[in-house]
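S.K.: dropping the sequence and predicted coords here.
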Amino acid sequence: MDDPFTTEVRVRYSDLDTYGHVNNAVYATYLEEARIAYLKDAIDQDPESFPGVVAGIELSFERPVARRGPLTVAVETTAVGETSVTMAYEVRDGDDVAATGETTLVSVGGDGRPTPIPEGLRERLVGYEGLEG
């Protein structure tokens, strides 16, 4: 990630497992929190009106997080297709990468079927990241 959008996420007591580590299932929530911040703060998109649903998620764990301080999540859009958006993430504990992830979001219409990404949203994503449209 060259120059990603970053945001802090709070590690809550309930995020920890019996070993005192952040539970692996919680990382998906951290990605969601970062994605919402990215939509609001980076591309000025109301998350409530974002037409996408998560169609796929991948997580890779590099090392455990065993503290309750804030973590930094870096996020960037890596591809914008006709109906989908791919986003990459790094969950950082200080200077160390604790986990990486990727989500594929699909734009859907009222009938729940894939639909083209709205042009204004496409323009903001492509413009912010400097991607090919």
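M.R.: That came through fine.
S.K.: pull out the buried residues from the lengthiest strand in the chain.
M.R.: Ranked by number of residues, the top strand in the chain under DSSP state E is strand 96-107. Across strand 96-107, burial judged by 16 or more other C-beta atoms under 10 Å covers 97, 98, 99, 100, 101, 103, 104, 105, 106, 107. Quick note: C-beta positions are derived from backbone N, CA and C, even for glycine.
S.K.: starting from that strand, tell me which strands it pairs with and how they run.
M.R.: On the basis of DSSP bridges, the sheet neighbours of strand 96-107 come out as strand 52-61 (antiparallel), strand 84-93 (antiparallel).
S.K.: where does the prediction get shaky in the chain?
M.R.: Scanning the chain for pLDDT under 70 picks out 133.
S.K.: before we move on, back to that, closest one of the buried residues of strand 96-107 to residue 13?
M.R.: Nearest to residue 13 out of the buried residues of strand 96-107 is residue 98 (C-beta to C-beta; 17.9 Å).
S.K.: from residue 53, how far off is that closest one?
M.R.: As for residue 98, its distance to residue 53 is 26 Å (criterion: C-beta to C-beta, to the nearest Å).
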